[in-house]
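# Give the three-dimensional model of this entry:
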Amino acid sequence: MRALLVLVAIAVLVVAGLLYFNIVSIDQTQRGVVQAPKFEADVAKVSLGTENKTVAVPTINVERPANAQAPN
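Sure thing, here's the model as predicted:
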């Protein structure tokens, strides 16, 4: 592991030296622009509203038999 780090350090120093003495020149040829992709979506329109209505609701009656005992 130590040998790998030494090799990486030497490579970085060599590249830095080449750049310093103008042996290697790195120039930006195009402007760096990062743009997010543009999306368009055609969706349906939804409208919400309220309305008052009368709704019939069933009623439930429960009758116990006369001889049934209450649960403990």
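# Would you map the helices across the protein?
Taking DSSP state H as the test, the helices found in the chain are 2-20.
# Low-confidence regions, it specifically.
68, 70-72 (pLDDT under 70).
# Spell out for me which residue occupies the centre of this structure.
residue 36 (15.0 Å; CA atoms, centre = their mean).
# what about residue 35, how many neighbours?
The local packing of residue 35 (other CB atoms under 10 Å) involves 5 other residues. For the C-beta atoms, the positions are set from N, CA and C on the backbone; glycine is no exception.
# I meant residue 40, not that one.
4.
# What separation do you get for the residue nearest to the centre of the chain and residue 28?
Per CB to CB, to the nearest Å, residue 36 is found 22 Å from residue 28.
# Could you do residue 37 as well?
23 Å.
# ok, the residue nearest to the centre of the chain to residue 58 distance?
For residue 36, the distance to residue 58 (CB to CB) stands at 56 Å.
# go on, residue 46?
From residue 46 to residue 58 the distance is 32 Å (CB to CB).
# likewise residue 15?
In terms of CB to CB, residue 15 sits 84 Å off from residue 58.
# follow-up on the earlier one: quick one, phi psi at the residue nearest to the centre of the chain?
Main-chain torsions, residue 36, degrees, to the nearest 10: phi -80, psi 150.
# count of neighbours near residue 26?
6.
# That one contacts residue 19, doesn't it?
Yes: the pair residue 26 and residue 19 qualifies as a contact (CB atoms under 8 Å) at a distance of 7.3 Å.
# follow-up on the earlier one: who has more neighbours, residue 15 and residue 58?
residue 15 (12 against 4).
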